[in-house]
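S.K.: Quick one: sequence plus predicted model below, questions after.
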Amino acid sequence: MKRTDYCGDLREGDAGREVTLLGWVQRRRDLGGLIFVEMRDRQGIVQVVFNSEVDPEVHEKAQSLRSEYVIGVKGKVVLRPKGTANPKLGTGEIEVIATSLKILNLSKTPPFLIEDEEEVAENTRLKYRYLDLRKPRLQQNLILRHRVAREVRNYFDRLGFLEIETPMLTKSTPEGARDFLVPSRLTPGHFYALPQSPQLFKQILMISGFDRYFQIVRCFRDEDLRSDRQPEFTQIDVEMSFVKVEDIQRTMEGLMVHIFRQVLGVELEAPFPSMTYEEAMDRYGVDKPDIRFGMELRDVTEALRHSPFHVFKEAIETKGAIKAINVKGGGVFSRKEVDDLTHFVQNFGAKGLLSAKIVQNEWQSSIRKFITEEERKAIDGILDAGENDLLLFVAGPGGVVNQSLANLRLHLGAKLGLIPEDQYRFVWIVDFPLLEYDEKEGRFVAVHHPFTAPKDEDLEKLREHPELVRAKAYDLVLNGSEIGGGSIRNHLEEVQSLVFEKLGMGEEEARERFGFLLEALEYGTPPHGGIAFGFDRLIMILSHSESIRDVIAFPKTQKGTCLMTEAPSRVDSKQLDELWIKLKEMKA
RNA sequence: GGGGGCGUAGUUCAGCUGGUUAGAACGCCGGCCUGUCACGCCGGAGGUCGCGAGUUCGAUCCUCGUCGCUCCCGCCA
């Protein structure tokens, strides 16, 4: 049997055609002399009719059909009798009258129904991933993923970019995330690392003169998982020569416009707005603001500068901050709801959450007695407080205040339905600090990565005040999710060496780790820069998925295991011997 | 490393203050049924209550440990 059509593709226009379908039994409705079988393939579902009066032999065979049997059906497409159309199916206007049935394979009863709505425990889904992947939603997600990848390649190809592969077995780079290591058999005691990104290779390609590079590439980071993080993930990696920040931004905006138009049929407005890191932190408390709704953070530190209230006083004396959000109409929140919000911010290190309801132009609040009339009016002004609003304050170290309120804002935005789910709001975040001081390490670390160039006007400060230097770095944020980030790189060896020095890396150490790059920089390196996009996260947003596992065919659990293959697994001692590896004693 | 949630039939869940035979729905099996589409009707099977200790006359329920899945913090661009 050869397929003539996919089940889900058939429409009214196909009425009268003889078709051959290959697929799975979704559901069987046996009415006795008449059997309806919903038949499924990757395009969708169509109803097949087995009628004992049309063909008793085929009808009898159909009685043995069960869920997930693999079948081939020959039959005639007909319009359904009046009043029996099913508006829930794309194929609902027609059905296929079967004239021939071939059972290609049987199936055990599946452990769960192959339906989108069926909510099944994650471990069951992952163990039977091949069944879970039969669900229409996951099939659509992977089809969408394919289409986006295809359009990425079309777009870059048209602009003269070359897709060039880079090694999976490469050198460990201690900066950044933990590496996955691969032992070398031929060089005992030595290890490759799987790439966290092709960062250095794409810069080398620029030095080689390839000018415009991109790659859809797998990357690996051995860090703990989240709902949007897997240990292996995919990036759209890009690097260009002879460009400034704006050139890369416009190129990537073009990519987004192209993808959204080709894949979703959505027209985006470009160029995208831009916001400095400083402004983002000030107004939203994060470097990846969701600008689809308001409820912005407001700084009330100055208004409370002379407050005797110990919570405020301590925050100010320790050079912290006091910020607040105004939940419009939040006066209706119950005591318990506000308590829950307090617990919520404590997840982010806040000691507590202070609240005030506006009732008849007055504060209803446990802290009212510590607030002067003047302070109250100032704060009402800053927060644009009105009747029945709920003001929420967090005081403490600046980072904690921002993180608490940023997350609280998102939490409340979702809870109150303030986020328009159908909007795509992009924003560039620019002017990131180049370096930040790491208390634990006792040295400066790169905010982006160590190859990022300082802004020209800040270059002077690099020696004396490295903390004030801003970088030629940019992140692209979509609906509160960081989908891409990049920078202009250091193409001058002396600048790169100086950055390494500021990172506390001696010349010798820098030579050992990145000597090949420093050396390459001395052989005519063009100015260059690039960006990397989180491909999985982009697909998550485009498919409205809540978990990254729903956009990856074979994802890992939160502990990094694959429940289908049962990786990782022990290996036999012969394999270890060849790799010169001896395991430490472990508790059974 | 830390905090939260979940774990009972194939699946999703209920199970009172610890008490006799652990329930429901869907699914599954058998029978009937020619316009169903969550088909309907009749009948039936199906349980190591994640695992291990402890408390108790008695544990699905309480305590401790452990395993698995998940969300978050730390970590991670």
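M.R.: All right, it came through fine. Just so it is clear, the model here is predicted, and its values are computed rather than measured.

S.K.: Could you use CA atoms for every contact and neighbour count after this?
M.R.: Fine.

S.K.: I'd like the distance between the nearest residue to residue A:501 once chain neighbours are set aside and RNA strand B.
M.R.: Leaving aside its sequence neighbours, residue A:501 sits nearest to residue A:507 (C-alpha to C-alpha, 6 or more residues apart in numbering; 7.2 Å). Remark: distance between residue A:507 and RNA strand B (C-alpha to the nearest atom of the strand, to the nearest Å) = 22 Å.

S.K.: Return the list of helices and strands in contact with the top helix by length along chain A.
M.R.: Counting by DSSP state H, the longest helix found in chain A is helix A:136-158. The contact analysis (3 or more C-alpha pairs under 8 Å, 6 or more residues apart in numbering; DSSP states H and E) places helix A:136-158 against helix A:245-259, helix A:535-542.

S.K.: Looking at the ones you listed, which is nearest to residue A:146?
M.R.: helix A:535-542 (9.8 Å; C-alpha to C-alpha).

S.K.: Any part of that closest one near RNA strand B?
M.R.: No. Contact of helix A:535-542 with RNA strand B (C-alpha under 7 Å from any atom of the strand) is absent, the minimum separation being 11.2 Å.

S.K.: Quick check: phi and psi on residue A:344?
M.R.: Dihedral pair for residue A:344: phi -60, psi -50, per degrees, to the nearest 10.

S.K.: what's the spacing between the closest residue to it other than its chain neighbours and RNA strand B?
M.R.: Take residue A:344 and drop its neighbours on the chain: the residue closest to it by C-alpha to C-alpha, 6+ apart is residue A:408, 7.3 Å away. Per C-alpha to the nearest atom of the strand, residue A:408 is found 11 Å from RNA strand B.

S.K.: Could you double-check that residue A:408 sits in contact with residue A:341?
M.R.: Yes. Using C-alpha atoms under 8 Å, residue A:408 is in contact with residue A:341, at 7.5 Å.

S.K.: Figure out the helix or strand that residue A:487 lives in.
M.R.: Using DSSP states H and E, residue A:487 sits in strand A:481-488.

S.K.: Show me what the very next helix or strand once past that strand is packed against.
M.R.: Next along the chain after strand A:481-488, taking DSSP H and E as the criterion, comes helix A:493-502. Contact analysis of helix A:493-502 by 3+ C-alpha pairs under 8 Å, 6+ apart lists helix A:507-520 as its packing neighbours.

S.K.: Report the angle between the helix it packs on and helix A:493-502.
M.R.: 150 degrees (axes from the mean of the first three to the mean of the last three C-alpha atoms, to 10 degrees).

S.K.: Packed most tightly, which of the helices and strands packed on helix A:136-158 would that be?
M.R.: Scoring the helices and strands packed on helix A:136-158 by mean neighbour count under mean count of other C-alpha atoms under 10 Å gives helix A:535-542 as the most buried, with a mean of 22.

S.K.: Roughly how far does residue A:102 sit from residue A:146?
M.R.: From residue A:102 across to residue A:146, the span is 31 Å (C-alpha to C-alpha, to the nearest Å).

S.K.: no, scratch that, I was asking about residue A:544
M.R.: Taken as C-alpha to C-alpha, the span from residue A:544 to residue A:146 is 16 Å.
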